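Novice: how would this look folded up:
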Amino acid sequence: MQLVHLASRLYGTPLLIARSKLDVILSVLGPRIGLPEIDTAVRLPTPKAGNSIGQPGIAIIPVHGTLVRRAIGLEAASGLTSYGEIAARFDTALADPQVSGILLDLDSPGGEAGGVFELAARIRAANDIKPVWAHANDSAYSAAYAIAAAASRLTLSQTAGVGSIGVIALHVDQSIKDAKDGIAFTAIYAGHHKNDFSPHAPLSPQAASTLQTEVDRLYGIFVSQVAQMRGLDSDAVRATEAGLLFGEAAVTAGLADAVASLDQVLVEFSNALGAQRRLATPSAGTAKRGPLARASPASPKASTQISSHQHSHLEQNMTDQEQQNPLDDPDPETTPDPADTPAPEPAAPPVAASIAGAPTNGRIEAQAIAEICLIAGTPQRTAEFLASGMTESQVRRALLEARAEQPEIASRITADAGTTVRPESSPVVAAVKKLATKE
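Specialist: Residues are numbered from 1 along each chain as shown. You can find the predicted model right below:
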């Protein structure tokens with residue numbers, strides 16, 4: 001009975017799965033339900049058991065194998081992972097006070113349409129409680145991509161692919177085989193469409209039209225959800241034509257935020273969570289802890305490398321800012337004339353005190369410091385400067401002096417530095433920015 005149930009979930013129903021993986025499944029299941037055997041040596045992966053901790057406070061939830069709404073007890077044996085199982089692990093991580101962030105580890109061709117959009121919406125809503133990141137390692141296709149796109153940040157390994165944003169439905173007509181086998185099926189039914197998708201009869205034009213309508217409806221939901229969660233135009237999502245995108249091509253298309261290994265992502269996530277905790281401590285005033293935002297999809301070309309041209313722009317940018325706002329030459333538009341001031345004003349408080357005393361201004365300055373550190377290729381110093389109470393001008397001066405002492409710095413900024421060029425692509429800057437915009 002389980003095979004019959006599985007067959008009914010493969011044929012005549014829309015699926016969110018990569019076509020190549022669907023063929024693999026059919027090659028395994030087909031001969032067991034009377035279909036011709038397809039010669040293939042590919043095997044589906046077996047999902048990991050339970051959540052794991054990759055870095056302190058980060059729960060890793062595996063999303064592996066073919067995805068189904070209900071696995072009917074065949075998970076480990078058949079390479080299936082159910083949406084219910086993923087949701088249960090997800091809820092456990094959300095409720096665990098030792099977990100600060102959740103990382104979805106994806107290696108899946110996709111699967112059933114039923115239940116995936118609800119799970120994706122649930123993951124997106126959870127970002128308001130704890131930050132959720134996703135990493136395609138090595139695939140996040142179709143239904144798996146619907147889940148991955150719901151995360152606040154999506155990365156993929158160098159060999160990984162994402163996409164296959166589409167819907168597919170198959171109908172098997174084995175009526176000719178039935179005749180050769182000397183078997184005749186007669187269906188007695190009430191209701192014109194009751195026998196529409198029978199495998200023992202050709203698919204009627206009406207039935208084909210009905211199935212196409214449902215495929216188009218689900219495709220519209222899929223496109224709309226990806227566009228909303230990734231900040232893309234729906235036409236841009238449709239323009240992928242359900243294709244698979246790999247590495248930097250996926251980043252350029254806005255379907256992912258960066259290319260990195262799982263270890264690099266864990267370190268970056270851990271650092272971002274640490275920066276968030278430091279910004280939310282009592283010394284930073286009343287700032288509340290919020291989720292870490294992903295890189296802006298409007299800047300899909302964000303990369304983990306800083307080119308020599310970009311570094312030259314960095315030097316010019318920092319030099320221009322230093323000239324506009326040097327440490328010993330305050331802005332004349334914002335500084336009162338000493339002749340009109342009877343007594344000198346007290347010195348500006350450090351950043352932490354500014355956040356406590358004047359949340360908006362302090363947080364804006366904290367954001368500016370984070371962006372300056374990012375541009376300088378030293379995002380790891382953000383927390384150091386914030387903790388020391390240095391102002392934006394002081395931080396800029398310190399970075400310029402550090403650069404002057406290391407004239408060859410341009411040749412040493414590489415992809416291994418773990419930074420991105422654009423401030424909007426940095427989770428640390430995004431976290432500070434989110435705090436800065438809160439009243």
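Novice: drop to CA atoms for contacts and neighbour counts, all remaining ones
Specialist: Will do.
Novice: which SS state does residue 106 fall under?
Specialist: strand (DSSP: H, G, I helix; E, B strand; the rest coil).
Novice: got a list of what it touches?
Specialist: Counting by C-alpha atoms under 8 Å, 6 or more residues apart in numbering, residue 106 touches 62, 63, 64, 134, 135, 136, 137, 138, 139, 140, 144, 148.
Novice: out of these, which comes closest to residue 218?
Specialist: residue 144 (15.1 Å; C-alpha to C-alpha).
Novice: that closest one reaches residue 108, doesn't it?
Specialist: Yes. With contact defined as C-alpha atoms under 8 Å, residue 144 reaches residue 108; the gap is 5.9 Å.
Novice: pull up the overlap in contacts between the two.
Specialist: Common neighbours of residue 144 and residue 108 (C-alpha under 8 Å, 6+ apart) are 63, 67.
Novice: so what's the residue count around residue 192?
Specialist: 7 (other C-alpha atoms under 10 Å).
Novice: now tabulate the contacts of residue 106 in a markdown table and tack on neighbour count and pLDDT.
Specialist: Shown next, in a markdown table, are the contacts of residue 106 (neighbours: other C-alpha atoms under 10 Å; pLDDT from 0 to 100):
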| residue | neighbour count | pLDDT |
| --- | --- | --- |
| 62 | 21 | 95 |
| 63 | 29 | 96 |
| 64 | 28 | 94 |
| 134 | 27 | 98 |
| 135 | 29 | 98 |
| 136 | 30 | 97 |
| 137 | 24 | 93 |
| 138 | 20 | 90 |
| 139 | 26 | 95 |
| 140 | 32 | 97 |
| 144 | 32 | 97 |
| 148 | 33 | 98 |
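Novice: buried residues in the one helix or strand residue 400 maps to, which are they?
Specialist: Element membership for residue 400 (DSSP states H and E) is helix 392-405. For helix 392-405, a neighbour-count test (16 or more other C-alpha atoms under 10 Å) marks 392, 393, 394, 395, 396, 397, 399, 400 as buried.
Novice: one more: stretch 216-234?
Specialist: 218, 219, 222, 223, 224, 225, 226, 227, 229, 230, 232, 234.
Novice: not counting that stretch itself, show me its contacts.
Specialist: 113, 117, 124, 146, 149-150, 165-167, 237-238, 254-255, 296-298.
Novice: could you point out which residue ranges in this structure have low pLDDT?
Specialist: 1-13, 16-54, 71-78, 281-363, 380, 404-439 (pLDDT under 70).
Novice: now do the domain split for it, please.
Specialist: 2-259, 295-437 (automatic domain parsing).
Novice: one step back: can I get the CA coordinates of the helix holding residue 400 in CSV?
Specialist: The C-alpha trace of helix 392-405 is given here as CSV (Å, rounded to 0.1, in the frame of the first residue of the first chain):
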residue,chain,number,x,y,z
GLU,A,392,33.3,58.0,13.7
SER,A,393,36.1,60.5,13.1
GLN,A,394,38.4,58.8,15.5
VAL,A,395,37.8,55.4,13.9
ARG,A,396,38.5,56.8,10.5
ARG,A,397,41.7,58.4,11.7
ALA,A,398,42.8,55.1,13.3
LEU,A,399,42.2,53.1,10.1
LEU,A,400,44.0,55.6,8.0
GLU,A,401,47.0,55.5,10.3
ALA,A,402,46.9,51.7,10.2
ARG,A,403,46.8,51.7,6.4
ALA,A,404,49.7,54.2,6.3
GLU,A,405,51.8,51.8,8.3
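Novice: helices and strands around it, which ones?
Specialist: helix 308-324, helix 359-375 (3 or more C-alpha pairs under 8 Å, 6 or more residues apart in numbering; DSSP states H and E).
Novice: in helices, which of the contacts of residue 106 appear?
Specialist: Using DSSP state H, the subset of the contacts of residue 106 located in helices is 144, 148.
Novice: which of the contacts of residue 106 sits closest to residue 212?
Specialist: The nearest one, if we look at those relative to residue 212 and count by C-alpha to C-alpha, is residue 144, at 22.2 Å.
Novice: with adjacent residues omitted, what lies nearest to the closest one?
Specialist: residue 110 (4.7 Å; C-alpha to C-alpha, 6 or more residues apart in numbering).
Novice: and if you look at residue 187?
Specialist: Residue 187 sits nearest to residue 195 (C-alpha to C-alpha, 6+ apart), 7.3 Å away.
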